[in-house]
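S.K.: Sequence plus predicted model, see below.
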Amino acid sequence: MKSKEQQEAEFQSFTAAHRTMLRRQAFLLCGDWYQADDLVQTSLVKLFAAWKRIEPGGAGAYARRVVINVFLSHRRLAWVRRERLSGETPLRSVDAPQLSVDARLDVIGSLELLPPRQRATVVLRFCEDLSVEETAAVLGCSTGTVKSQTAKGLRKLREVLQRTDVTVSTDH
């Protein structure tokens, strides 16, 4: 049995190594760096509370799952929905000469138009490079659900991005 100090040291080491990856995942899910920071912080609090029960090799997958769950539950809150009453997504313009940067911003902005579950599957599959099986394990659903949510999410992204002349590649 590990002492409390050993557990805290392990958790601090894990957090230092994985915080950037979790923050990136959270940003891709919500589209806002400040909200991503909040999601990661809430997730880390939940993760720390469960730290003594987590298998050492599975902490990364468990942390991704917690971020997804916090994101999905955060989206269900009534005050979050009231906060986003605008019928239009704000335009984001960047004075960047690189086309790839603009395309990336268009894709990230378009992710915000997907329902939370579709967004989660697309982010896990194509941004985090998880397999269908790994994505299903993180989301706690069947592989068929992952496939259908991914297909619906990609179809919607293509529709949105066609208007901005951005090509979505699903090559893995």
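M.R.: That came in fine, so what should we check first? Residues are numbered from 1 along each chain as shown.
S.K.: hey, let's count contacts and neighbours off CA atoms from now on
M.R.: Fine.
S.K.: Determine the longest helix present in this protein.
M.R.: Criterion DSSP state H: the longest helix present in the chain is helix 4-30.
S.K.: what's the following helix or strand after that helix?
M.R.: Next in sequence after helix 4-30, counting helices and strands by DSSP states H and E, comes helix 33-50.
S.K.: Show me what that following helix is packed up against.
M.R.: The helices and strands touching helix 33-50, judged by 3 or more CA pairs under 8 Å, 6 or more residues apart in numbering; DSSP states H and E, are helix 4-30, helix 59-76.
S.K.: quick one, which of those helices is nearest to Glu159?
M.R.: Comparison of these against Glu159 by CA to CA identifies helix 4-30 as nearest, at 18.8 Å.
S.K.: by contact count, what packs against the longest helix of the chain?
M.R.: Using 3+ CA pairs under 8 Å, 6+ apart, helix 4-30 is in contact with helix 33-50, helix 59-76, helix 99-111, helix 116-122.
S.K.: Lowest average confidence across those, which one?
M.R.: Comparing mean pLDDT across the helices and strands packed on helix 4-30, the weakest is helix 99-111, with a mean of 72.
S.K.: Please report how far Cys30 lies from Pro115.
M.R.: Computed as CA to CA, to the nearest Å, the Cys30 to Pro115 distance reads 11 Å.
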